[in-house]
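Engineer: Predicted model, plus sequence, below.
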Amino acid sequence: SRGAYHDSQNGKAQKSQVPAQHPPVPQERVRARRGLSRRTLTLPLATASPRSRFWYRTVAVSRERRWMGIGRSAVALLYELKNEHPFHGSILELGKQSLYVNGYELPEIANRFGHTIDISDITMDADGEYLDNSYDDVVLFKKLGFREVSSLDLSSYEGADHVHDLNTPIPESLKGQFDFVYDGGTMEHLFHIPQCLWNIHDLLKPGGLVMHCSPGHNHVDHGFYMFSPTLFWDYYAQNNYDIIRSQMFEHGIEHSRQYKMDWTIYDYQPGCIESLSNKGWGRKKLGIWFVAKKCEESTQDTVPQQGK
């Protein structure tokens with residue numbers, strides 16, 4: 001029923017804060033996904049635990065590169081990740097990220113995961129526009145706890161700190177320099193996927209994390225590729241990375257001020273969606289949220305075999 005969600009872990013019906021106009025989850029979708037592990041939940045952000053549904057409004061701070069950006073649900077997942085793997089040191093964005101979450105929303109999101117942040121330095125002018133350098137991707141990642149924030153892109157058009165084509169090997173000067181590599185929608189636009197993965201390995205310090213937020217089902221011509229989650233699982237597992245998060249999410253059609261987007265998040269392991277692999281996802285768009293940790297014994301050149 002509206003205004004409640006069912007916690008499959010304890011069998012109890014819990015009260016939530018679903019807006020009155022928010023429709024209930026269709027029962028046929030629950031049945032279709034029965035083989036997957038999930039829990040239905042709503043925003044304002046209660047938790048961003050696996051198997052959660054996120055309700056939120058995104059706000060387009062920039063009108064450019066509408067996919068390669070960070071919305072409210074992505075920020076929630078980052079704060080959840082921070083609880084287990086505190087952010088520190090340096091982060092490298094693959095592609096300059098736009099923001100689809102307002103600065104004034106950050107304290108609420110952070111508080112849901114036990115964090116307190118100060119946004120007194122995020123300021124707007126009389127027209128409601130953020131002042132220069134008051135709120136952008138660098139500010140967001142520093143609020144999350146990173147000390148140094150930089151970006152790498154094919155050109156300097158959007159102000160990237162490092163200009164490089166990830167279809168080619170990275171320069172020696174960038175190897176082993178970063179504690180976190182954030183791929184928020186870049187790899188699908190590169191033709192040479194293996195080289196990009198090799199570059200990510202080289203960019204990371206031992207103990208560093210890589211995060212992919214990548215398109216899956218129903219992203220025709222968004223980039224060169226739509227991915228299956230098994231690509232990330234098999235590559236990183238067979239190259240001796242620790243898998244920290246392996247999830248898929250269903251999401252809406254666009255980023256805008258008016259459009260409400262639900263993220264329904266599923267835990268993923270190879271083989272768990274075989275019954276859905278042929279037309280099982282319908283018209284919804286599907287994305288992948290994957291986080292892996294580089295270890296001392298991690299490699300980059302093992303060619304994965306699917307499901308090995």
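Structural biologist: Looks like it arrived, so ask away.
Engineer: so where do the helices sit in this protein?
Structural biologist: 27-32, 72-84, 106-112, 137-144, 193-203, 229-238 (DSSP state H).
Engineer: possible to save those helices as JSON lines with mean pLDDT and distance to Phe290?
Structural biologist: (Each C-beta comes from the backbone N, C-alpha and C, glycine too.) JSON lines is the format used below for those (pLDDT from 0 to 100; distance: least, C-beta to C-beta, whole Å):
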{"stretch": "helix 27-32", "mean pLDDT": "32", "distance to Phe290": "23"}
{"stretch": "helix 72-84", "mean pLDDT": "92", "distance to Phe290": "11"}
{"stretch": "helix 106-112", "mean pLDDT": "94", "distance to Phe290": "21"}
{"stretch": "helix 137-144", "mean pLDDT": "96", "distance to Phe290": "18"}
{"stretch": "helix 193-203", "mean pLDDT": "97", "distance to Phe290": "12"}
{"stretch": "helix 229-238", "mean pLDDT": "94", "distance to Phe290": "4"}
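Engineer: And stretch 146-164, end to end?
Structural biologist: Terminal residues of stretch 146-164 are spaced 23 Å apart (C-alpha to C-alpha, to the nearest Å).
Engineer: Any buried residues in it, and which?
Structural biologist: Buried residues in stretch 146-164, counted by 16 or more other C-beta atoms under 10 Å: Phe146, Glu148, Val149, Ser150, Ser151, Leu152, Asp153, Glu158, Ala160, His162, His164.
Engineer: Quick check: Leu209 touching Pro86?
Structural biologist: No. The pair Leu209 and Pro86 does not pass the contact test of C-beta atoms under 8 Å, sitting 11.0 Å apart.
Engineer: so where's the stretch 101-250 of the chain uncertain?
Structural biologist: Under the criterion pLDDT under 70, the flagged ranges of the stretch 101-250 of the chain are 217-223.
Engineer: Strands of that one, start to end?
Structural biologist: 148-153, 162-163, 178-183, 204-215, 242-251 (DSSP state E, counting those that start in this stretch).
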